[in-house]
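**Q** Please find the sequence and the predicted model below.
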Amino acid sequence: MADPDTLLRYTDLERRGIVRNRQQLSNLIHDYGFPPGWLLTPNARVWDAVDVEAWLAARRGRPLAAANAEAAAA
């Protein structure tokens, strides 16, 4: 479980193996409901660790095809 006060930066998402590049992050946000985060400064986007953990937990054990179908229906 994530610390409720933890903010994650892009490099934290990479280190955790959630994303490999910025295009993949964009796809996750637009197509799979990944939390968009918010701009902390004009050049620094952050994500709440609790939101990221909740997104991951909601997807554990779900095949990618099911996630694609849900994203298309939304």
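**A** Nice, thanks for sending it over. These numbers come from a predicted model, not from an experiment.

**Q** Would you report the backbone torsion angles of residue 38?
**A** In terms of degrees, to the nearest 10, the main-chain angles of residue 38 are phi -150, psi 160.

**Q** Against residue 9, how distant is it?
**A** Distance, residue 38 to residue 9, by CB to CB, to the nearest Å: 12 Å. (Each C-beta comes from the backbone N, C-alpha and C, glycine too.)

**Q** can you map out the helices along this structure?
**A** For the chain, helices defined by DSSP state H occupy the ranges 10-15, 22-32, 49-59, 64-73.

**Q** Out of the ones you listed, which is closest to residue 42?
**A** Closest of the helices of the chain to residue 42 is helix 10-15, at 14.5 Å (criterion: CB to CB).

**Q** Quick one: residues contacting the residue nearest the centre of the chain.
**A** When CA atoms, centre = their mean is applied to the chain, the residue found nearest the centroid is residue 34 (3.9 Å). By CB atoms under 8 Å, 6 or more residues apart in numbering, the contact list for residue 34 reads 25, 28, 52, 55.

**Q** cutoff 6 Å now
**A** Applying CB atoms under 6 Å, 6 or more residues apart in numbering, one finds that residue 34 lies in contact with 28, 55.

**Q** Please report phi then psi for it.
**A** Residue torsions, per degrees, to the nearest 10, at residue 34 are phi -60, psi 140.
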